[in-house]
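>>> sequence plus predicted model, see below.
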Amino acid sequence: MDTRFSNIADLVETPSEPPSVAVVIDVMRAYTVAAWAFAQGAEKIVLAESLDEALALKARHPDWVALKDGPPAPGFDAVNSPGLLRSVDLGGRTVVQKTTAGTVGALAVKGARLVLCAGFVVAEATARLLRTHDAPDVVFVVTGEDGRAEEDLACAQYIAGRATGAGTDAAEFLRRAAASRAAVELAQGIRQGVHPDDVALCLELDRFPFAMVAALEDSLMVLRPHAMP
Ligand SMILES: O=C(O)[C@H](CS(=O)(=O)O)OP(=O)(O)O
Ligand SMILES: [Mg+2]
């Protein structure tokens, strides 16, 4: 398996032929939040193109749960925080998620044959799905900070190592993520819509036994859990 690391800014500014397999990484916090949403019972997550689209979908489907990053906002039911979401019962619900980085990354590769969304909480399940898929080449998309986020690159490199069978030890990758700008800003309360446990929750290796697969359904990009027992 050939692995490449791509940054979201390049993908958005210079659209090219979609990769066959893309793994979109957002450790802090979109795909940690998505994994918690599934753990709390959500059936699926619609990745919205814009805040307006998220609100329009919510208006059309009042029972859907609209979630955005940043502070709480009118029309939205939740924020992009694993610490806050873990006490919400989402049994059977559809979540509509719009964030600055993570959701944008998945939408940028929606033409790929297989799109996985990941963070450390689903690292091993994601690596295992890549191994079973036997993809010849995989592009990892680093989403945070215009594709320069250290926590996302560390997670991408870790999953790539696991997927290619290298005996990768997680400790150094988690240490890099823990020292990242996002981790520091979340811990210092510089970013908004934050629970004090968010950084720790984003660094929980293999918290969940499922990968997360995004695919187009009726022109919407929909994320679903994919059990990897
Ligand atoms: O909610 C997040 O962690 C970020 C937005 S910010 O950097 O905190 O303002 O969005 P994400 O797309 O999950 O990286
Ligand atoms: Mg991020």
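Structure's in. What do you need? Ligands and ions are numbered 1, 2, ... in the order given.
>>> ligand 1 contacts on the protein?
Selection of the chain residues close to ligand 1 by CB under 6 Å from any ligand atom yields 26, 28-30, 69-70, 80, 99-102, 144, 191. From N, CA and C alone the C-beta is placed, and that goes for glycine too.
>>> repeat that for 5 Å
Taking CB under 5 Å from any ligand atom as the contact definition, the chain meets ligand 1 at Asp26, Arg29, Ala30, Asp69, Asn80, Thr99, Thr100, Ala101, Gly102, Arg191.
>>> check those against ligand 2, which are close?
Of the residues in those, proximity to ligand 2 by CB under 5 Å from the ion holds for Asp26, Ala101.
>>> hmm, the helix or strand of the chain with the lowest mean pLDDT touching ligand 2?
Lowest by mean pLDDT, DSSP states H and E among the helices and strands of the chain is helix 8-13, with a mean of 87. No: for helix 8-13, no contact with ligand 2 is found by CB under 5 Å from the ion; the gap never falls below 10.0 Å.
>>> partners of whatever helix or strand comes next after that helix, with directions?
On the C-terminal side of helix 8-13, the closest following helix or strand by DSSP states H and E is strand 21-25. Under the criterion DSSP bridges, strand 21-25 sits next to strand 114-118 (parallel), strand 137-142 (parallel) in its sheet.
>>> the protein: strands as residue ranges?
2-7, 21-25, 44-47, 65-68, 78-79, 94-98, 114-118, 137-142, 210-217, 220-227 (DSSP state E).
>>> now do the first one: which elements does it pack against?
Put plainly, it is strand 2-7. Packing partners of strand 2-7 (3 or more CB pairs under 8 Å, 6 or more residues apart in numbering; DSSP states H and E): strand 137-142, helix 144-147, helix 150-163.
>>> quick one: buried residues of the last one?
It stands for helix 150-163. By neighbour count on 16 or more other CB atoms under 10 Å, the buried set for helix 150-163 is 150-163.
>>> residues making contact with that helix?
With contacts defined as CB atoms under 8 Å, 6 or more residues apart in numbering, helix 150-163 is touched by 1, 3, 5, 23, 25-28, 118-120, 123-124, 126-127, 130-131, 138, 140-144, 168, 170, 173-174, 176-177, 179-183, 202.
>>> with stretch 126-140 instead?
Stretch 126-140 is contacted by residues 1-6, 19-23, 25, 109, 112, 114, 116, 118, 156-157, 159-160, 162-163, 165, 211-213, 226, 228 when judged by CB under 8 Å, 6+ apart.
>>> report the distance from that stretch to the chain centre.
16 Å (CA atoms, centre = their mean, to the nearest Å).
>>> quick one: average pLDDT of it?
Per-region confidence: stretch 126-140 scores 92 on mean pLDDT.
>>> hey, C-alpha coordinates of it in CSV?
This file holds the C-alpha atoms of stretch 126-140, laid out as CSV (Å, rounded to 0.1, in the frame of the first residue of the first chain):
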residue,chain,number,x,y,z
THR,A,126,-9.5,2.5,10.4
ALA,A,127,-6.1,0.9,9.8
ARG,A,128,-7.8,-2.6,9.8
LEU,A,129,-10.4,-1.5,7.3
LEU,A,130,-7.6,-0.2,5.0
ARG,A,131,-5.8,-3.5,5.4
THR,A,132,-8.8,-5.6,4.5
HIS,A,133,-9.6,-3.2,1.6
ASP,A,134,-6.1,-3.9,0.2
ALA,A,135,-6.0,-0.4,-1.5
PRO,A,136,-2.9,0.1,-3.7
ASP,A,137,-2.7,3.8,-2.7
VAL,A,138,-4.2,5.9,0.1
VAL,A,139,-4.3,9.6,0.5
PHE,A,140,-4.4,10.9,4.1
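>>> that concludes my questions; thank you for your assistance.
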